[in-house]
Structure formats: structure tokens, C-alpha cells
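> Structure for the following, please:
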Amino acid sequence: MSQDHDHNHLGQAEDSEHSTVSSRDHTYGNPFEVGLASGAGLSVWATGQRQARQQRGNRYSRLSVEHPAKMLPEIARHVISTYTRPGEVVLDPMCGIGTTLVEAAHLGRRSVGIELEPKWASIARLNLETAQVQGAPGQGQVHTGEGAATTADLASTSLSGRVSLVLTSPPYGSMTHGQVRSRRDGAEAVEKHAHLYSRDRDRRAANLAYQRPQKLADSFTRIMAACRELLAPSGVVVVTTRPYRKNGHLVDFPGQVAEAGQRAGLVQIDRCVALLCALRGGEMVSRASFFQLIETRRLRKTGWPVHVIQHEDVIVFANPAPTQQATTYEGRAA
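The predicted model follows:
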């Protein structure tokens, strides 16, 4: 997750269908002085009202479909509109095909992306160029490199202390969503394609998608710790993720992300839900892909209590002042 729509917060209902979304009031205020737009108190975001293809519209190159795990544009729009103001800087240290950067540009923000894989970095640059052609008021740039190391390098530039928002979605598994060919497409059986983050074995060691759960959590902690050096004093970090299965067993990846942020010295201030499904007449309408459906059915036949996932977990962190920092990541350089 046509692209041209007014950028109201998605928590503010466009029609009566959104009225079923529950909300709660949050008190942020001091000590972190996080500047939040109206609507930030909603705990459930109606970000799946339109299908992913409709959300992307003509803002993204056709090559973008090859990435196995793209963030929904509506999620990026909601986060950027809620936690930043026009002209502020947004960073995505694992930017993929650049969804965060493109939506930030169309909302008048400056953006910086980092991507390990040259293929995705090139597509992200292409998508940013398209945004400029379409008249997006903001600008963005993409750096190719490993997330933690490249972010640390940027700490010695004018970007240090100027990032208002870090928005990212870490990978969790070398084979994720992808595309499907069936017999009607000429395949001999149901075949999956465009489901790999990388085909370069030399880069896989640094790619979070190919790391074991504990190493993945440690790597993500290092990236978050590096991002803290770029954050403004009132900066916010927002991470979208979801649980996944490893050898059939459920892995609480959102919980691991929350722990990683705290180990990096951030303070969790919220946990929300970004819907992948639509709301129609008080009912949920699934947006699950064909592959998600058949994979769920396959696992259920083997006895696993698997369900089609209908939301992303959204973990929100604040950047505390030095005197308010609860923990310090042990792996950070002194």
C-alpha cells in the first residue's frame, strides 16, 4: 500500500464507513514534546479502503511491483501527515522502492532514503524523479548502502539532528508476498515470482531479510541506534511490521521491534494498527492476495492455526532528551 486525493488524516472519516473504527485519546505532551497533528490519537487507521494498486496509481514505476514487500502508500501518507509538517525531513533507512520518499515528496517534505540493494535503490530514484515530473513540492534523495553504516556516515553531514521522522518497515523473511502466475497465465501450476529481496549472495549477509531472528533483531537495533544520531530532539520513529512464521512457528516480530527500539535508546509512546483490509457497512473486506489465500489454506490443512493477516502493527517511538533516556544500546560507539 487514483493517487491524487486530499491529504486529510486517514483517521478523519471520509464517509460513514469509517465511523466503526475505534479510537482512544493518548497523552504525549512532555517530556518528549512530540509535535502531533490532529487525529494522531486514533489507534486504528483505515488505510486499506482502496486496493494497493489504486493507492499507487501512476506515482510508481511498473518496475516497483517486483519488490516483495512494499509499504502501502496510505500508511506512509498517514504517518507523514500526522508526525511532520511541510518542509521537515523524513528518513527511511530501508527504503526499498521508495514509498516513504515518494509520499513525503507529494506532501511537501524533504526525504532521505537508504537501500542496500542497488536494484531497489534505482527504482526508488526513478519513482522520485516521477514525483518531480508530477509536480511534487518536496524533494528526496537515495543512498545505496547498508542501513546502519550509511546512516552513521550521514551523522557527519548537515542532516545530523534535523530528521523529524524516521519511517520504515524492516524485512522479515527472504520469501514474502511476491506475485503469482497460474495456469491461466500459461504456468504449469501456481508459481510464485518477484518474491526475493536479493539474488546477490555476497550481499545477503547484510540483508535483514536473510538473517535469523536474533541476528535480525540485533541488526535492526543497530540501524535504529544510528538513526537516533540524525533525529531532531522532538523526532519520532515509526516502524510498521507484522508477525510472521518460521518453520510453522509464530514469531512476534512487532514485539522484537519494540525491544530493539528501546535497546537503541528510543522510548515507545504508542502502538497502533494500520488496516490492510477495507471497512464496508460495519464489516471488514479482505484485501488478501491470491498467494496469501492459498498459502493460508495450505498451512491450515497441515494443522497450523493460520489466518490471513488484515493489519500491520505500527510501533511509535520518541527520541528522549539525554537526561530522560531510559536505556542505551550497548553496541553504539562511545
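> where along this protein do the helices fall?
Using DSSP state H, the helices assigned to the chain run over residues 52-56, 73-83, 99-106, 118-133, 147-154, 201-204, 213-228, 253-263, 290-301.
> can you tell me which of those comes nearest to Pro93?
Pro93 lies closest to helix 147-154 among the helices of the chain, at 4.2 Å (C-beta to C-beta). Every residue, glycine included, has its C-beta placed from N, CA and C.
> So which elements touch that closest one?
strand 110-115, helix 213-228 (3 or more C-beta pairs under 8 Å, 6 or more residues apart in numbering; DSSP states H and E).
> Would you mind finding the most buried of the ones you listed?
strand 110-115 (a mean of 27; mean count of other C-beta atoms under 10 Å).
> Extract the C-alpha set from that strand and format it as PDB.
Extracted in PDB, the C-alpha atoms of strand 110-115 (Å, rounded to 0.1, in the frame of the first residue of the first chain):
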ATOM      1  CA  ARG A 110      12.200  16.500   2.300                       C
ATOM      2  CA  SER A 111      13.200  12.900   2.300                       C
ATOM      3  CA  VAL A 112      16.300  10.700   2.500                       C
ATOM      4  CA  GLY A 113      16.300   7.000   1.800                       C
ATOM      5  CA  ILE A 114      18.900   4.300   2.200                       C
ATOM      6  CA  GLU A 115      18.700   1.000   0.400                       C
END
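> Ok, which of the helices of the chain comes nearest Asp313?
Judging the helices of the chain by C-beta to C-beta, what sits closest to Asp313 is helix 253-263, at 3.8 Å.
> could you give the angle of the closest one to helix 213-228?
Going by axes from the mean of the first three to the mean of the last three C-alpha atoms, to 10 degrees, helix 253-263 is angled at 50 degrees with respect to helix 213-228.
> got the CA positions of helix 253-263 in PDB?
Extracted C-alpha coordinates of helix 253-263, given in PDB (Å, rounded to 0.1, in the frame of the first residue of the first chain):
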ATOM      1  CA  PHE A 253       8.300  -9.600  15.300                       C
ATOM      2  CA  PRO A 254       6.400  -6.500  16.400                       C
ATOM      3  CA  GLY A 255       7.500  -7.300  20.000                       C
ATOM      4  CA  GLN A 256      11.100  -7.700  18.800                       C
ATOM      5  CA  VAL A 257      10.900  -4.300  17.100                       C
ATOM      6  CA  ALA A 258       9.600  -2.700  20.300                       C
ATOM      7  CA  GLU A 259      12.500  -4.200  22.200                       C
ATOM      8  CA  ALA A 260      15.000  -3.200  19.500                       C
ATOM      9  CA  GLY A 261      13.900   0.400  19.700                       C
ATOM     10  CA  GLN A 262      14.200   0.500  23.400                       C
ATOM     11  CA  ARG A 263      17.700  -1.000  23.200                       C
END
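> List the contacts of Thr168.
Asp92, Pro93, Met94, Cys95, Thr100, Val238, Val239, Thr240 (C-beta atoms under 8 Å, 6 or more residues apart in numbering).
> what's the neighbour count on the second one?
Neighbouring residues of Pro93 were enumerated by other C-beta atoms under 10 Å; the total is 29.
> Distance check, it against Gln49.
According to C-beta to C-beta, to the nearest Å, Pro93 and Gln49 sit 29 Å apart.
> do the fifth one as well
Plainly put, Thr100 is 20 Å away from Gln49 if you go by C-beta to C-beta.
> rank the helices and strands packed on helix 147-154 by mean pLDDT and give me the bottom one.
When the helices and strands packed on helix 147-154 are ranked by mean pLDDT, helix 213-228 comes last with a mean of 86.
> where's that helix relative to the chain centroid, distance-wise?
Relative to its chain's centre, helix 213-228 lies at 15 Å (C-alpha atoms, centre = their mean, to the nearest Å).
> now the residue nearest to Thr150 when sequence neighbours are not counted: how far from Ala124?
Take Thr150 and drop its neighbours on the chain: the residue closest to it by C-beta to C-beta, 6 or more residues apart in numbering is Ile114, 4.8 Å away. As judged by C-beta to C-beta, Ile114 and Ala124 stand 10 Å apart.
> same thing with Pro93?
Pro93 is 13 Å from Ala124, by C-beta to C-beta.
> what do those two both touch?
Gly113.
> and Thr100 and Gln49? which has more neighbours close in?
Remark: of Thr100 and Gln49, Thr100 carries more neighbours, 34 against 20, as counted by other C-beta under 10 Å.
> how about that one, what does it touch?
By C-beta under 8 Å, 6+ apart, the contact list for Thr100 reads Met71, Ala76, Ile80, Val90, Asp92, Ser111, Gly113, Leu167, Thr168.
> Quick check, the second one in contact with Thr99.
It stands for Ala76. Yes. In this structure Ala76 lies within contact range of Thr99 using C-beta atoms under 8 Å: 5.3 Å.
> List the buried residues in stretch 141-158.
Neighbour counts over stretch 141-158 (16 or more other C-beta atoms under 10 Å) mark Val142, His143, Thr144, Gly145, Glu146, Gly147, Ala148, Thr150, Thr151, Ala152, Leu154 as buried.
> shared neighbours, Ile114 and Ala124?
In contact with both Ile114 and Ala124: Cys95, Val142, using C-beta under 8 Å, 6+ apart.
> quick check, nearest of the contacts of Thr168 to Val65?
Cys95 (16.5 Å).
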